[in-house]
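Participant: Next one to model:
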Amino acid sequence: MICQNAIGYHNEIQELLKKSMLNMNDAQILAWMEHEFKPETMFCYWQDGRLTSCLQTKRRILSFKHQKIAVATISLAATLPDYRQRDQFGQLLEAFLEQSSHNELLTMVYTNFPKLFENRSFSCISKTKYYWIPADKCNQGNDKNIRFYHPNIDLYPLYLEFMSHFDGSIILSKKDFEDQIHYAIDCKKKVALMMHGEKPHGFAIYKVLNNHVKIDVLVYLDSNAILDLLRYLAIRNDAISFVVSMDERIEKLFPFDIPRNQGTILARLNNYKLFSKWTKEDVRNANQAFELIQEPMWNHFIE
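Facilitator: Purely as a prediction, here's the structure:
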């Protein structure tokens, strides 16, 4: 049985995550439940009198040709180990797409498993690039320009200024943006600020894993902000990895470090007739829709 919300099932969802999301420890699950769990937009699968699978979805705002459009997104999927290979995810996905097709023009997902979605009319619209930079190559910046986040610092204007250079991208509200910062902190991640004098020119959300730094989110107003951050992290660790969108020209800073493709951003055009009417363009699928975007895309905060 599929239930189209998880209202009243907080404990069951938390227990499901503990048994199925082995990449999350107890602290991360608690943080996810506080900041990311949205019971009104979660799809649940019940079998044998228990909750066996769930699909967390969200409604986000997409900047498309610098107009705002509501899109449906997927942020998490989990199934109990004993109930996998039974198409429960597929059935939850079908229920979600049936609902989103009546409420949003587009559905989007960021994933490392695109084949799960391609047979349901999703199209690849972009990928992300993964860089691994050894510490000895990060010697150009000034580590003294790094500060750390505290709650009275408002990073939202900096985020909006950064996003003004992109299109075809998710734009978080102030509340959602601040919730992402607090979620990261509760997951024991750090938020570093790259300063230009007394003004932040960038920020990064990262975590340290055995002398390797994994940067989850990188926002910057100039290349100096990136170099300052990497210099600071390189002094204290052996290597830094990060993921950027296809349109970010990190190769200008590290021309001999070849990135590899990471995740895939897929989109599904839920109603091409209505979308064509809205854009005043004849489009029949998501690929054609995103070909209308002339400016760079930034692929983070989709979930």
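Participant: ok, the nearest residue to Ile293 once chain neighbours are set aside to Lys174 distance?
Facilitator: Leaving aside its sequence neighbours, Ile293 sits nearest to Gly168 (Cβ to Cβ, 6 or more residues apart in numbering; 3.9 Å). (Each C-beta comes from the backbone N, C-alpha and C, glycine too.) When distance is defined by Cβ to Cβ, to the nearest Å, Gly168 is 21 Å away from Lys174.
Participant: Pick out whichever of those two has more residues nearby.
Facilitator: Gly168 (24 against 12; other Cβ atoms under 10 Å).
Participant: if we can go back for a sec, verify the stated contact: the residue nearest to Ile293 with Ser63.
Facilitator: Yes - the criterion here is Cβ atoms under 8 Å, and Gly168 meets it with Ser63 at 6.9 Å.
Participant: list the contacts for the nearest residue to Lys129 once chain neighbours are set aside?
Facilitator: Computed as Cβ to Cβ, 6+ apart, the closest residue to Lys129 that is not its neighbour in sequence is Pro259, at 3.9 Å. By Cβ atoms under 8 Å, 6 or more residues apart in numbering, Pro259 lies in contact with 129-131, 244, 250-251.
Participant: Recalculate using a threshold of 7 Å.
Facilitator: 129-131 (Cβ atoms under 7 Å, 6 or more residues apart in numbering).
Participant: Next, please give the residue ranges for the strands of the stretch 51-200 of the chain.
Facilitator: 67-79, 106-111, 123-134, 146-148, 169-170, 190-196, 199-209 (DSSP state E, counting those that start in this stretch).
Participant: list the buried ones in stretch 147-157?
Facilitator: 149, 155 (16 or more other Cβ atoms under 10 Å).
Participant: C-alpha coordinates for that stretch, PDB please?
Facilitator: Extracted in PDB, the C-alpha atoms of stretch 147-157 (Å, rounded to 0.1, in the frame of the first residue of the first chain):
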ATOM      1  CA  ARG A 147      36.900  32.900   8.900                       C
ATOM      2  CA  PHE A 148      34.200  30.600  10.200                       C
ATOM      3  CA  TYR A 149      30.400  30.900  10.200                       C
ATOM      4  CA  HIS A 150      28.500  32.000  13.300                       C
ATOM      5  CA  PRO A 151      24.700  32.600  13.400                       C
ATOM      6  CA  ASN A 152      24.700  36.400  13.200                       C
ATOM      7  CA  ILE A 153      26.300  36.300   9.800                       C
ATOM      8  CA  ASP A 154      23.800  36.500   7.000                       C
ATOM      9  CA  LEU A 155      25.200  34.600   4.000                       C
ATOM     10  CA  TYR A 156      22.000  34.800   1.900                       C
ATOM     11  CA  PRO A 157      22.800  38.000   0.000                       C
END
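Participant: What are the contacting residues of it?
Facilitator: Outside stretch 147-157, the residues touching it (Cβ under 7 Å, 6+ apart) are 174, 177, 181, 190-193, 195, 200, 203.
Participant: can you check stretch 98-116 too?
Facilitator: 4, 62, 69-74, 97, 117, 124, 263-271, 274-275, 278, 299, 302-303.
Participant: Now which of these would you call buried?
Facilitator: Judged by 16+ other Cβ under 10 Å, buried ones among these: 62, 69, 71-74, 97, 117, 263-270, 275, 299, 302-303.
Participant: Skipping adjacent residues, who's closest to Gln140 in space?
Facilitator: Closest to Gln140 by Cβ to Cβ, 6+ apart is Leu227, at 4.6 Å.
Participant: Good, wrapping up.
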